[in-house]
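Enquirer: can't give you the sequence, but here's the structure:
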């Protein structure tokens, strides 16, 4: 309650709530595809490679969100091509890109005096520092995500469900797959604003994974995941405000606790059935 | 009458190992052809080439008068094993609707026409009552019918099935083949099977495949052919058409 009054009083909290809601929307929609297609590790590779883009953006003096977006999309396309054409080395190459992206980012950031504090912000997020400009960009990216999902909903479902059959029905599977990975890249950039790039994967996948335990259609899964993501983010934010703990870590621990509780309850319920 | 499939001198190798050698096969329209042969005899490979999933090393393949890739949207395909995760959050109707891809509008969701085509395909395969069921609650036979409905919903001219009865019991096997015989009134059907005795009751012609191809009328299959087919390496075998 104390948090609610504070939100009405402080502009920075309003922005933090708005950013959390926008990030949750992306998490729920795109995270659903990540969960059903089981490409969480690949999404993790994209997220970590983003540090390279953020570092470069800082060093050359343009918007770090733009740098993150470019790096995420490049990483998504590279990893997509790896997945399609070098399946045998997939995990090694994802792991390599994961580390290389971070190494590049750290080298750039090390060149800038006095920026070491910001490194923590990129890695673990600080939603309380979100600017109006960032919020506007988040809104724009969210609208793009929604539009693309509405347009290509059945194609994305087809390629994540049964790639071979989708190809036989004449779908451009490779192009659609790369588009889906670019959507994941955009979502990752949105979520980084809230919880930082190390914690992205939990927020991207856990709300959708919880939803999958309760509903059994893609649309319902997306809606429930969006709702859960928003709930966890806002409650996490409130908890971190009242305990003065870092917001990103609080949100992630809350989300993970719900996932754990939901999974245990489900197991118990299934066991109780005759 | 034109031909649904024309294959001339087709050869294909996996990693230098030749699995299809100089295969020529013509399937006229409205044929009901069974492709039999031992495991690893090249049956599935042949099917994948007709579907355009694999490219021939040598020879030509024409499907419905076009290249296999161009003919794709007019084909219905039933895979041997479901190639999707059983726990995917999707029901029977949504699965069947995916067969409308390539026929329906490119953007946004499915249309009313798609829904009624799906309803008809489910009726024909007798799974209408399962339309809201999740895939992981279905039996093997029910799932096979879902795959068949998904192949039928795009109104194919040519239906290709890879071991459609390998995961189901005998009674179900008869039901599936009775259904195929009925479907054969309006489309060409090619069934791949390892069970020569069973399918020869249904199909009009059998192509025996073990790296090379021997074509027979069902009546001409005798012990000698079977022995040659499943025994050692078989090249062209003298055969007569009745």
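Expert: Received the coordinates, thanks. All figures in this text were calculated on a predicted structure; none of them were measured in a lab.
Enquirer: low-scoring pLDDT stretches of the chain, where are they?
Expert: In the absence of a named chain, chain A is used. For chain A, applying pLDDT under 70 flags the ranges A:1, A:114-118, A:274.
Enquirer: look at chain B instead
Expert: B:1, B:215-242.
Enquirer: try 80 this time
Expert: Along chain B, segments meeting pLDDT under 80 span B:1, B:39-40, B:165-171, B:194-201, B:213-242.
Enquirer: Next to chain B, which bits of chain A? Give me the list.
Expert: A:36, A:38, A:150-155, A:157-158, A:160-171, A:212, A:215-218, A:220-221 (CB under 8 Å from any CB of the partner chain). Glycine gets a C-beta too; all of them are placed from N, C-alpha and C.
Enquirer: pretty sure residue A:92 is in a strand, no?
Expert: No: Residue A:92 is assigned helix when assessed by DSSP: H, G, I helix; E, B strand; the rest coil, not a strand.
Enquirer: distance of it from chain B?
Expert: Using CB to the nearest CB, to the nearest Å, we find residue A:92 at a distance of 22 Å from chain B.
Enquirer: What is the burial count for that residue?
Expert: 11 (other CB atoms under 10 Å in any protein chain shown).
Enquirer: do the same with residue B:143
Expert: When neighbours are counted by other CB under 10 Å, residue B:143 comes out with 20.
Enquirer: Tell me where the chain has helices.
Expert: Went with chain A since none was named. A:2-9, A:11-37, A:40-60, A:64-85, A:90-111, A:116-124, A:132-161, A:163-168, A:173-195, A:200-212, A:218-243, A:247-272 (DSSP state H).
Enquirer: meant chain B actually
Expert: Using DSSP H, helices in chain B cover B:43-50, B:68-71, B:92-97, B:112-124, B:140-152, B:170-183, B:196-199, B:223-230.
Enquirer: so which of those comes closest to residue A:195?
Expert: When these are compared by CB to CB, helix B:92-97 sits nearest residue A:195, at 32.7 Å.
Enquirer: Which residue, neighbours along the chain excluded, lies closest to the residue nearest to the spatial centre of chain A?
Expert: In chain A, the residue lying closest to the centroid (CA atoms, centre = their mean) is residue A:188, at 3.6 Å. Closest residue to residue A:188 apart from its sequence neighbours, by CB to CB, 6 or more residues apart in numbering or on different chains: residue A:47 at 4.7 Å.
Enquirer: and if you look at residue B:72?
Expert: Nearest to residue B:72 is residue A:170, by CB to CB, 6+ apart, at 5.3 Å.
Enquirer: Kindly provide the distance from residue A:158 to residue A:170.
Expert: 11 Å (CB to CB, to the nearest Å).
Enquirer: between these two, who's got more neighbours?
Expert: residue A:158 (23 against 16).
Enquirer: which residues sit in contact with that one?
Expert: A:165-166, A:169, A:171, B:98, B:101 (CB atoms under 8 Å, 6 or more residues apart in numbering or on different chains).
Enquirer: From residue B:67, how far off is it?
Expert: Counting by CB to CB, the gap from residue A:158 to residue B:67 is 23 Å.
Enquirer: Based on its surroundings, how many neighbours for residue 185?
Expert: Just so you know, I chose chain A. So residue A:185, with other CB under 10 Å, has 28 neighbours.
Enquirer: ah, no, chain B please
Expert: Neighbours of residue B:185 (other CB under 10 Å): 7.
Enquirer: returning to what we had before: could you dump the helices of chain B to TSV with distance to residue A:121?
Expert: Output for those, formatted as TSV (distance: least, CB to CB, whole Å):
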stretch	distance to residue A:121
helix B:43-50	51
helix B:68-71	50
helix B:92-97	42
helix B:112-124	48
helix B:140-152	49
helix B:170-183	61
helix B:196-199	67
helix B:223-230	69
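Enquirer: what's the closest of the ones you listed to residue A:124?
Expert: helix B:92-97 (39.3 Å).
Enquirer: neighbouring contacts of that closest one?
Expert: A:154, A:157, A:161, A:217, B:110, B:114-115, B:118, B:121-122, B:127, B:130-135, B:138, B:146, B:149-150, B:153.
Enquirer: From the residues you listed, list just the buried residues.
Expert: Among the contacts of helix B:92-97, those classed as buried by 16 or more other CB atoms under 10 Å in any protein chain shown are A:154, A:157, A:161, B:110, B:114, B:118, B:121-122, B:127, B:130-131, B:133-135, B:138, B:146, B:149-150, B:153.
Enquirer: mind pulling up the phi and psi values for residue B:15?
Expert: phi 50, psi 50 (degrees, to the nearest 10).
Enquirer: mind checking how far it is from chain A?
Expert: Residue B:15 is 14 Å from chain A, by CB to the nearest CB.
Enquirer: how close does that residue get to residue A:266?
Expert: 44 Å.
Enquirer: out of these two, which sits in the busier spot?
Expert: Here residue B:15 and residue A:266 are compared on neighbour count by other CB under 10 Å; more neighbours surround residue A:266, at 13 against 4.
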